[in-house]
Every structure is written in C-alpha cells, then in structure tokens.
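Asker: Show me the folded form of this:
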Amino acid sequence: MTQDELAVGAGIDSSNIRAYEAGRALPNLLSLVRIAEALRTPAGHFLEEVTVGMFPASPDDRRRRAG
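Answerer: Residues are numbered from 1 along each chain as shown. Just a heads-up that it's a prediction; the model follows:
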C-alpha cells in the first residue's frame, strides 16, 4: 500500500502520513486508529513497544517526573 493509498483509506492528508513515517510528527489517537483500520490491524500493534522515555521531555515534563 502506498502512502497516498493509506491516506485515502484512513481519511488523513497524505502529507501527514509522510510526516508520521519520516518521524517528523506523531499522529493523535484518532489518526492512529484510522491508520490501523485502513491497514486492517489492531491499533495496539503500533504501541506494543512504546515507552514514555521515547518521547522528548519539555522542562515542565522533567520537573513533573522528578517531583
């Protein structure tokens, strides 16, 4: 499936699909579910090995985690 086909199937702009794949953006939960449905796979498949440590933390986030 091409990025454009996925975009049509998921109802998401193809530029967003390209940004997600390139790691320039993260999909919100609704977009993640739409992509999973278009690919006919459970949305949880994309989250199996995701951890909090994989995301950049802003200074505010670091204070909350430490405190």
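Asker: elements contacting the longest helix that the chain contains?
Answerer: Secondary structure of the chain per DSSP state H: the longest helix is helix 29-39. Here helix 29-39 touches helix 3-10, helix 14-22, going by 3 or more Cβ pairs under 8 Å, 6 or more residues apart in numbering; DSSP states H and E. C-beta: built from backbone N, CA, C; applies to glycine.
Asker: buried stuff in that helix?
Answerer: Ser31, Leu32, Arg34, Ile35, Ala36, Ala38 (16 or more other Cβ atoms under 10 Å).
Asker: How about residues contacting it?
Answerer: 1, 6, 9-12, 16-17, 20, 27, 42-43, 45-46 (Cβ atoms under 8 Å, 6 or more residues apart in numbering).
Asker: how about a cut-off of 10 Å?
Answerer: 1, 5-13, 16-17, 20, 25-28, 41-47 (Cβ atoms under 10 Å, 6 or more residues apart in numbering).
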